[in-house]
Structure formats: structure tokens, C-alpha cells
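Asks: A structural model of the following input is requested.
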Amino acid sequence: MIQISEILKKVPIFRMLGKESIDFIVERLKFKTFDQKAVICNIGDPGDAMYIIITGRVDICIYTQDGTEQVVATLGPGDYFGEMALLTGETRSATVRASEPSEMFLLYKEDFDVILERFPSISLSMGKIVSQRLRETLKKATQLPGRGDLKDTGLKGMIKDRAVVELISFCESNSLTGTLTLTKEGQVGVFEYTKGEVTSIKLGDKKDDEALDTMLGWSEGEFEIKSKPLTLEKKEKKTEEIKKILIVNNSLVVRKLIERAFRGLGYQVATAENISKSNVLITQSTPDIIITDVKLADGQGLDLCRSVREKNPISFIFLADDSVKTEFEQELNSLGKAVLTKTHEVSEIVKLVENMI
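Replies: Model prediction:
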């Protein structure tokens with residue numbers, strides 16, 4: 001049987017994480033099956049998920065200029081693909097087709113973003129991975145092994161070996177965050193990129209279109225591409241903007257699990273095991289959202305909601321279980337600003353909270 005946690009540890013961006021972190025990611029994986037010959041993704045599709053193969057096999061396909069399909073790799077159980085798209089935001093660079101009935105785990109980008117918020121250390125390795133990929137791709141694209149100075153500080157070469165327009169296209173398609181510098185007879189032109197988008201072009205006193213038109217005509221000179229390490233652009237919440245969450249649940253494990261996730265996302269979190277203790281906490285500091293179980297040791301979650309609503313229209317999230325009846329859902333709908341979870345997955349609770357904030 002495939003150990004998903006062991007596979008995740010082989011993925012470069014997750015390699016430095018411990019067991020607790022890996023378990024957090026495993027909880028967010030979604031299961032999906034594919035029939036034989038089913039297309040899993042096409043060239044040019046949005047890179048919105050990575051895939052881990054449980055059973056079956058897939059072919060990685062590219063197409064020649066005359067439209068002929070070429071299988072460049074075959075992957076099987078324990079293999080994974082699509083992880084770079086989560087990092088760079090690039091579209092799919094190949095078509096992937098199931099060569100036999102296959103089962104897979106998927107990690108969608110929205111869940112990956114939650115993971116980045118929870119474990120920002122992942123971002124520390126992202127710059128190195130993308131930079132290495134950039135170097136390898138450029139070396140292959142230029143087909144000039146041994147020519148040009150390939151160093152950790154950047155990528156260098158001669159313009160005569162690669163047209164300026166191709167260099168620009170390369171930086172865009174590889175979602176470069178950094179600079180493309182062109183030098184010719186003492187003139188230095190600089191393209192600034194952020195995630196593959198040109199933010200500025202300068203050549204001496206010339207800017208933008210004028211600078212671009214001049215450099216597009218260059219057939220001699222040198223180029224250098226430098227990529228900046230990627231950083232997680234985490235928005236700092238001002239003190240007055242930090243949202244407060246109260247978790248009310250009979251289970252210490254459930255309380256700790258949810259608390260850990262939201263503290264990692266920058267929320268102020270308090271917990272209580274029953275209605276009585278939650279009322280004390282609410283008096284001390286009014287929460288923005290209360291996450292509670294349907295049934296508590298000293299009453300019902302609805303009782304807590306009704307008593308709180310007499311003084312403050314606080315939003316509620318109720319953790320569902322199989323015993324929840326239609327009557328409860330109907331009463332919940334009548335209260336307003338209250339929702340019922342479909343599962344106990346922390347990722348779902350996080351999404352509900354973010355939608356309420």
C-alpha cells in the first residue's frame with residue numbers, strides 16, 4: 001500500500017517538513033479516479049492542482065510542430081506531477097492521459113495556499129527550486145552546452161546565440177521574478193519581471209516602448225537573467241484587524257486541531273469545552289466567529305447561539321455529524337449568520353471562516 005506521507009516527503013517543496021506538517025497536508029488531499037484514456041489535463045490548462053498516483057499509470061505527452069503526439073514519460077504508483085504549477089502559476093506544459101484505469105490524490109491550489117499560510121517555511125525552498133529549473137530550462141533551450149557562463153548568481157550568454165525576443169518570451173513563460181539585462185557596446189538595458197510580467201523596461205534615458213524597440217534590434221551583445229528568491233507575501237494584520245475566534249467543543253483533540261490551524265493563519269483564538277466556560281470567555285472578549293459542536297456537555301449548540309444572539313449578532317459555524325436532522329438545519333437557517341459544515345476537515349472550516357470575515 002502506498003504511504004502518501006512518504007511520497008509527499010519526496011516532493012522537493014515538502015521535503016523539509018516534519019510529520020505534523022505532512023499530516024496536515026495529507027488531510028487536504030482529495031481522491032479521484034480516471035478511466036483508461038481519460039485526459040487528466042491538457043497543455044495550456046490552468047495549473048490548479050498537483051497529482052499523486054495511487055494505482056494505474058499515466059502518459060506525459062507533448063506535440064511536435066506537425067501535431068504528432070509524443071510520449072515523453074510514463075508515471076505509475078507512487079509518482080506525482082503538477083507540483084511546479086502550484087509554485088509558479090504556469091499553465092500545463094504537457095498533456096497527461098491515463099494509460100490504464102487510475103486512482104489519484106489531488107492537492108488543489110486553494111488548499112495549497114492554506115498550507116503556505118500554515119507553514120510559511122515552505123516558501124524558503126521555493127526560490128531555489130524555481131531558480132534551478134530556470135537554469136536547466138535555459139541551458140536546454142539555448143542548446144549551447146559549455147557556452148555562456150552558468151553560475152548560481154544568474155544566467156549569461158551571447159545575444160547572437162539567442163534572439164532578444166526569445167529571451168523575453170522565455171522569461172515570461174517561466175514566470176520569472178527578477179531581471180533580464182542586455183548589454184551592447186556600453187549600453188545596458190534592464191527588463192524587470194514579477195511572476196512573468198514585465199514591470200519596467202529601461203535603456204539609459206529611454207523607457208518602455210522606446211527602450212524595447214531599440215533592444216529588439218540588437219543582434220550582438222550579452223544577456224544575463226537573474227531570478228530573485230520567491231518569498232511568501234504574507235499580509236500582516238493590524239492589531240485592530242485581527243479576527244477573534246472561539247472554539248467550543250467537547251473534544252480536546254478537536255479544539256487543539258482547529259486552534260492550531262487558525263493560530264497559524266494569524267487569528268486570535270480561544271477555546272472552551274462547554275457552554276458555561278464559553279460564556280465566561282465571551283464576556284471577557286467578544287469573538288467575531290464561534291465554531292461549536294452541535295451537542296455540548298451542558299446543552300445544545302443552538303442554545304449557545306440563541307443566548308449569544310440576545311446581545312451580539314456573532315456568526316456561528318456548527319460542526320456536523322451523521323445525527324444532524326433536517327429540523328436542525330431548518331432552525332439554523334432561520335437564525336441567519338450561521339452555517340453547518342459538511343465534514344470535520346479543517347480546510348473546510350477555514351474556508352467557511354474566510355468567507356464570513
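Asks: where does the stretch 201-350 of the chain dip in pLDDT?
Replies: Scanning the stretch 201-350 of the chain for pLDDT under 70 picks out the ranges 229-241, 321-327, 343-344.
Asks: mind listing the helices for it?
Replies: Along the stretch 201-350 of the chain, the stretches classed as helices by DSSP state H, counting those that start in this stretch are 208-216, 252-264, 275-284, 301-309, 326-335, 346-356.
Asks: list the buried ones in the second one?
Replies: Of the residues in helix 252-264, those with enough neighbours to count as buried (16 or more other Cβ atoms under 10 Å) are 254, 255, 257, 258, 259, 261, 262, 264. Just so you know, the C-beta spots here come from the backbone N, C-alpha and C atoms, and that holds for glycine as well.
Asks: need the contact list for the fifth one.
Replies: When you say that, I think you mean residue 259. Shown in contact with residue 259 (Cβ atoms under 8 Å, 6 or more residues apart in numbering): 247, 269, 271.
Asks: Tabulate these in a markdown table, adding columns for distance to residue 208 and neighbour count.
Replies: As requested, the contacts of residue 259 are arranged in a markdown table below (distance: Cβ to Cβ, whole Å; neighbours: other Cβ atoms under 10 Å):
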| residue | distance to residue 208 | neighbour count |
| --- | --- | --- |
| 247 | 52 | 26 |
| 269 | 48 | 20 |
| 271 | 55 | 19 |
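Asks: Closest to residue 310 out of those residues?
Replies: Nearest to residue 310, judged by Cβ to Cβ, of the contacts of residue 259 is residue 247 at 21.2 Å.
Asks: From residue 289, how far out is the closest one?
Replies: 10 Å (Cβ to Cβ, to the nearest Å).
Asks: hang on, the earlier thing: using CSV, lay out the buried residues of helix 252-264 together with distance to residue 334.
Replies: Formatted as CSV, the buried residues of helix 252-264 follow (distance: Cβ to Cβ, whole Å):
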residue, distance to residue 334
254, 27
255, 28
257, 30
258, 26
259, 30
261, 30
262, 28
264, 34
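Asks: so which pair among those is furthest apart in space?
Replies: The widest separation within these (Cβ to Cβ) is 16.3 Å, between 254 and 264.
Asks: After the helix or strand where residue 9 lies, which helix or strand is next?
Replies: Residue 9 is located in helix 4-10, with elements delineated by DSSP states H and E. As assigned by DSSP H and E, the chain's next helix or strand after helix 4-10 is helix 19-26.
Asks: tell me the phi and psi of residue 156?
Replies: For residue 156, the backbone dihedrals are phi -130, psi 150 (criterion: degrees, to the nearest 10).
Asks: and it, bridged to which residues?
Replies: Here residue 156 sits in beta bridges with residue 224, as judged by DSSP bridges.
Asks: Break the chain into its domains for me.
Replies: Here the domain parsing of the chain from automatic domain parsing is 4-118, 125-227, 239-356.
Asks: distance of the closest residue to residue 295 other than its chain neighbours from residue 278?
Replies: Leaving aside its sequence neighbours, residue 295 sits nearest to residue 301 (Cβ to Cβ, 6 or more residues apart in numbering; 6.9 Å). Distance, residue 301 to residue 278, by Cβ to Cβ: 10 Å.
Asks: Identify the contacts common to the two.
Replies: 248, 292.
Asks: quick one: contacts for the nearest residue to residue 194 once chain neighbours are set aside?
Replies: Leaving aside its sequence neighbours, residue 194 sits nearest to residue 177 (Cβ to Cβ, 6+ apart; 5.4 Å). By Cβ under 8 Å, 6+ apart, the residues touching residue 177 are 193, 194, 195, 196, 227, 228, 230.
Asks: Can you add neighbour count and give those residues back as a markdown table?
Replies: What follows is the contacts of residue 177, written out as a markdown table (neighbours: other Cβ atoms under 10 Å):
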| residue | neighbour count |
| --- | --- |
| 193 | 23 |
| 194 | 13 |
| 195 | 13 |
| 196 | 15 |
| 227 | 22 |
| 228 | 14 |
| 230 | 20 |
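Asks: where are the low-confidence patches of the stretch 1-150 of the chain?
Replies: 1-3, 12-13, 15-16, 65, 87-90, 120-150.
Asks: what about 50?
Replies: Applying pLDDT under 50 to the stretch 1-150 of the chain picks out residues 1, 124, 127, 131, 134-135, 137-150.
Asks: All the strands of it, residue numbers only.
Replies: 30-34, 39-41, 49-55, 58-63, 69-75, 80-81, 95-98, 102-108, 150-151 (DSSP state E, counting those that start in this stretch).
Asks: Would you format the ones you listed as a markdown table with mean neighbour count and distance to residue 211 included?
Replies: Converted to a markdown table, the strands of the stretch 1-150 of the chain look like this (neighbours: other Cβ atoms under 10 Å; distance: least, Cβ to Cβ, whole Å):
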| stretch | mean neighbour count | distance to residue 211 |
| --- | --- | --- |
| strand 30-34 | 14 | 47 |
| strand 39-41 | 18 | 38 |
| strand 49-55 | 20 | 38 |
| strand 58-63 | 17 | 35 |
| strand 69-75 | 12 | 38 |
| strand 80-81 | 18 | 39 |
| strand 95-98 | 21 | 38 |
| strand 102-108 | 20 | 40 |
| strand 150-151 | 13 | 26 |
